[in-house]
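K.L.:
Any chance you could fold what I've pasted below:
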Amino acid sequence: MNWHYSRSMPMGRLVKVGAWERGKFIGCVIFAQGNNQHHGKAFGLGLFEVCELVRVALSSHVSAVSRIVALALSFLKRYCTGIRLVVSYADPEHGHVGGIYQAGNWAYVGTGGSTDAFVDSTGKRLHSRAYSPAGAKIQFGQFAQTAPTGAIRRVAVAPKHKYFMPMDYEMRAKIAPLSKPYPKHPASEAGNGAVQAHSGGAAPTRTLHV
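P.N.:
Got it, this is the predicted structure:
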């Protein structure tokens, strides 16, 4: 919650992989079942064969983020042996195009469906999954409070970039035909050499294909 831009924790069953450098805790990578329970249907996968990388939350660190994510994937494969596909998203609303996934050689498969969010009377953005359509705030699965009528309104937001990481050779073969060219960060398109925050650096870690 301290080191991720969302300032929130995902709900549901989680796999949390901590990261340390020289004995100092620098953050975590978190996997979850995710909100979309249909990711694996097109590939004949069951509900417990797919998960979502939902958080990469790090303080200052030396290691490339792509290496940290690759190590987290190796832990996931070792301890959650039934997982065959990992999904993750990059949110263009926060200036992300998925640099850490591109550096880790994930497969880019396009954008997710259009979504929306809430805005309160002060203009603050509130995620749609945190509120009911009537404006009731959801905390720990419960409606905690209801906003006054008109205090919250829905707004459209850009769809997120979607990435797949196959966890075995069979899934890798199924995902390969879906792969599209990586989206570029607007700064890099401008030719100023800027690198998206949390990218894997000049020598990115190789993807996990085992």
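K.L.:
What is the neighbour count of the closest residue to E49 other than its chain neighbours?
P.N.:
Counting by Cβ to Cβ, 6 or more residues apart in numbering, the nearest residue to E49 once its immediate chain neighbours are dropped is R84, at 4.7 Å. Any C-beta I mention is one placed from the backbone N, CA and C, and that applies to glycine too. Around R84 there are 22 other residues, counting by other Cβ atoms under 10 Å.
K.L.:
On the pLDDT front, check R84 for me.
P.N.:
The score at R84 is 95. That number is its pLDDT.
K.L.:
That one touches D168, doesn't it?
P.N.:
Yes - R84 is within contact range of D168, at 5.8 Å (criterion: Cβ atoms under 8 Å).
K.L.:
Spell out which residues are contacts of both of the two.
P.N.:
Residues touching both R84 and D168 (Cβ atoms under 8 Å, 6 or more residues apart in numbering): there are none.
K.L.:
tell me the domain ranges of this protein?
P.N.:
Residue ranges for each domain of the chain read 1-112+159-203, 114-158, as given by automatic domain parsing.
K.L.:
Confidence-wise, which of the ones you listed is weakest overall?
P.N.:
Among the domains of the chain, domain 114-158 scores lowest, with a mean of 60.
K.L.:
Give me the neighbour count for the residue nearest to L14 when sequence neighbours are not counted.
P.N.:
Leaving out its chain neighbours, the residue that sits closest to L14 by Cβ to Cβ, 6+ apart is A32, at 5.1 Å. Neighbourhood size, A32 [other Cβ under 10 Å]: 18.
K.L.:
Correct me if wrong: A32 contacts K16.
P.N.:
No - A32 is beyond contact range of K16, at 9.5 Å (criterion: Cβ under 8 Å).
K.L.:
Quick check: bridge partners of the nearest residue to V62 once chain neighbours are set aside?
P.N.:
Computed as Cβ to Cβ, 6+ apart, the closest residue to V62 that is not its neighbour in sequence is E21, at 5.9 Å. In this structure, E21 bridges to K24 when assessed by DSSP bridges.
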